[in-house]
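Engineer: Based on what follows, work out the 3D shape:
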Amino acid sequence: MTQKKPPTRDVVGIVDSMRARRFAARLGSGTLDVFEWRADCLPGVATLPAAEVPWMLTVRHPAEGGAGNLSAPARESLFLRLLPGAAYVDIELRSMKTMRRVLAEAASREIAVIASFHDFRTTPSSAKLREAAARAADSGAQIFKVATLTKTPHDIIRLLELFSGSSLPLAVMGMGPLGRSSRLLFAECGSALNYGWLHRPNVPGQWSALELKKMLSR
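Structural biologist: Just a heads-up that it's a prediction; the model follows:
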């Protein structure tokens with residue numbers, strides 16, 4: 001399934017366990033906009049299951065929250081095995097070079113590439129965030145995703161500044177003390193993809209996907 005238009009405030013339900021998978025299978029069409037398949041959490045699955053909405057394929061790097069401490073070859077193998085069922089593929093900026101085969105295969109299948117950046121300890125400086133956004137654009141990605149720890153209003157301001165300077169659609173979210181409030185704010189400011197849990201929170205400050213969808217649909 002290929003994404004035909006850029007997402008706009010879409011809500012992503014994270015499938016990171018068998019329980020989350022079963023929950024996703026019970027959701028009716030239109031309940032959520034995208035499902036994210038966390039293949040690092042479910043490495044034994046051979047193909048993406050049928051779903052009413054597009055799949056985003058993620059095999060997260062261990063340094064950015066990935067499960068299982070998977071090596072680069074193991075991650076590449078999972079990506080290539082599951083890509084045929086995906087509309088999006090999420091690859092960290094740090095992994096763009098090592099996942100060149102995945103990027104080439106995604107391009108051949110017209111799968112949208114999300115270049116992602118995660119910082120679980122802080123929100124980097126404005127200069128570092130702008131540099132990461134520029135690298136994402138240079139990599140050929142269609143969307144830049146950034147998730148950082150948000151503890152102060154200054155953290156929120158630095159992330160908000162991205163919306164006025166990025167050449168790519170953004171998926172922006174906070175984690176930690178200001179995570180929940182910041183996610184609503186960033187969605188209102190144009191965050192293209194907004195993530196929520198189906199089974200349990202992945203990080204502090206995360207809404208459930210159904211709660212988030214309800215609030216953003218008002």
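
Engineer: Tell me where the model's unsure across this structure.
Structural biologist: For the chain, the stretches with pLDDT under 70 are 1-6.

Engineer: Just give the closest residue to residue 146, not the sequence neighbours.
Structural biologist: Closest residue in space to residue 146, ignoring its immediate chain neighbours: residue 117 at 4.9 Å, by C-beta to C-beta, 6 or more residues apart in numbering. C-beta here means a position set from N, CA and C on the backbone, and glycine is covered the same way.

Engineer: same check, this time on residue 141
Structural biologist: Per C-beta to C-beta, 6+ apart, closest to residue 141 is residue 115, 3.6 Å.

Engineer: so what's residue 200 up against?
Structural biologist: residue 17 (C-beta atoms under 8 Å, 6 or more residues apart in numbering).

Engineer: Same check on residue 16?
Structural biologist: With the criterion set at C-beta under 8 Å, 6+ apart, residue 16 makes contact with 36, 38, 41, 42, 67, 198, 199, 202.

Engineer: Filter those down to the ones in strands?
Structural biologist: Of the positions in the contacts of residue 16, 36, 38 sit in strands, assigned by DSSP state E.

Engineer: Highest neighbour count among the contacts of residue 16?
Structural biologist: Neighbour counts for the contacts of residue 16 (other C-beta atoms under 10 Å) peak at residue 36, which has 25 neighbours.

Engineer: And that residue, how far from residue 121?
Structural biologist: Per C-beta to C-beta, to the nearest Å, residue 36 is found 23 Å from residue 121.

Engineer: Likewise for residue 169?
Structural biologist: Distance from residue 169 to residue 121, by C-beta to C-beta: 26 Å.

Engineer: The two: which has the busier surroundings?
Structural biologist: Neighbours per residue, other C-beta under 10 Å: of residue 169 and residue 121, the larger number sits with residue 169, 19 against 8.

Engineer: And for the more buried one, nearest residue in space, chain neighbours not counted?
Structural biologist: Spatial nearest neighbour of residue 169, chain neighbours left out: residue 192 (4.3 Å); criterion: C-beta to C-beta, 6+ apart.

Engineer: show me what contacts residue 145?
Structural biologist: Counting by C-beta under 8 Å, 6+ apart, residue 145 makes contact with 90, 114, 115, 116, 117, 170, 171, 172, 193.

Engineer: element containing it?
Structural biologist: Element membership for residue 145 (DSSP states H and E) is strand 143-149.
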